[in-house]
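Engineer: sharing a model that was predicted from the sequence below.
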Amino acid sequence: MSRAILRLRFSRPTFETYRELFSVLGDVPPVVQALPPDSALMDVTGALKYFQRTPADLADLLQTRLLARYGLHTAIGVGPTRMLATTAADTCRPGHTHVLDPNDPDASTAFLRARPVEALPGVGPARTRAPARYGVTPVGQLADLPLATAQRVAGASTGRLLHDRAHGRDPRRIAPSGPPTNIAATRRFDRDILDPEEVRQELPAVAVDLGARLCTSHQQARQVQLQITYADHTHTTLKNQLSTSRSQDARYALHGALGLQWARIRAVIACVGHLNHAAAGYVQLTLDRTTEDRRRLEPVLDKANGRYGTGTLRPAILASPRYRGRPGRPRAA
């Protein structure tokens, strides 16, 4: 029996919305895999008989529910394999569905053969350079190569992978997983902000909030994300792995990489993820005096804030006139 795989691409969800929408997805099949920050995979094979619907009908049901509950326009690709479903989703606009019917393999083959090799999911640009040097650019040309020739051109393992993908073969299963656990804080502006320095000055506030919540829950984070919402409600998201640097410094670096000189900003969302218990973590010794002084001061700040409330002791920048009258914590996402 052919499997029915759905690849969903959500139109610019916030961190919080992405976590919540899995309550909708979980109502249909038991197998859902999160692909943050804006995608998911679903194996609905076992749900077809129960719901008495086709894969296209289930895709339409999900689109309707996600639009009604979260205002999300979702592009959905449907196919008999994970790769074909992803390829189909890559070619349709938000709010539309592209179905590759497993009962019509000729149509799926014709669609796949017309795609460029670099568009094959799970392959990546590095693996397609070798075929491109020999003029093999559409998938159809790659599929027509004998396996031995593909391996001669791209190497044994890469050649076999390319050959399988060009013929629509993908043995990967959907691994059940929910959205990643994370903590987010949001700063929303009452007006459009044009000065990137003004946006940057909000980062200490969300850093203090997230740090306090991590401390309270006795957790450590290994990833930091920064999402900027513009006046037209579109988003840009960047993420970085945390090593020995502070999360606030990492957010400054992400903010600088965004290049917001001419942007109209309406909200800043900071998020820390890849959480684990603080007791399982470790602190790497540095030779930087400023860093070590900060580390010695942090337990004192945490103890005071834990006893007298968040914001009792905070960075001097948060005591400036522009922050007076604000709550001690930004709005939590």
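Structural biologist: Now that the structure is in, tell me what you want to look at.
Engineer: tell me the secondary structure at the residue nearest the centre of the chain.
Structural biologist: With distances taken as C-alpha atoms, centre = their mean, residue 37 lies nearest the centre of the chain, 1.6 Å away. For residue 37, the assignment made with DSSP: H, G, I helix; E, B strand; the rest coil gives coil.
Engineer: now residue 9: closest residue in space that isn't a chain neighbour?
Structural biologist: residue 75 (4.5 Å; C-beta to C-beta, 6 or more residues apart in numbering). All C-beta spots, glycine's among them, are computed from the backbone N, C-alpha and C.
Engineer: tell me which element that neighbour falls in.
Structural biologist: Here residue 75, judged by DSSP states H and E, is contained in strand 74-79.
Engineer: continuing past that strand, what's the next helix or strand?
Structural biologist: helix 82-90.
Engineer: now that next one against strand 74-79, angle please.
Structural biologist: Between helix 82-90 and strand 74-79, the angle comes out at 140 degrees (axes from the mean of the first three to the mean of the last three C-alpha atoms, to 10 degrees).
Engineer: after helix 82-90, which helix or strand is next?
Structural biologist: Counting by DSSP H and E, the element after helix 82-90 in chain order, helix or strand, is strand 97-99.
Engineer: what pairs with that next one, parallel or antiparallel?
Structural biologist: Each strand that pairs with strand 97-99, with its direction, by DSSP bridges: strand 74-79 (parallel).
Engineer: mean confidence for the partner strand?
Structural biologist: The pLDDT scores in strand 74-79 average 95.
Engineer: same deal with stretch 224-233?
Structural biologist: Averaged across stretch 224-233, pLDDT comes to 80.
Engineer: when you give positions from now on, start the count at 164
Structural biologist: Sure thing, new numbering starts at 164, so read that last one as stretch 387-396.
Engineer: over to stretch 242-260 now: how far is its first residue from its last?
Structural biologist: 11 Å (C-alpha to C-alpha, to the nearest Å).
Engineer: ok so, going back, just checking, the residue nearest to residue 172 touches residue 201?
Structural biologist: No. Using C-beta atoms under 8 Å, residue 238 is not in contact with residue 201, being 10.1 Å away.
Engineer: more neighbours, these two?
Structural biologist: residue 238 (23 against 17; other C-beta atoms under 10 Å).
Engineer: if we can go back for a sec, quick check: neighbours shared by residue 238 and residue 201?
Structural biologist: Here residue 238 and residue 201 share the contacting residues 172, 174, scored by C-beta atoms under 8 Å, 6 or more residues apart in numbering.
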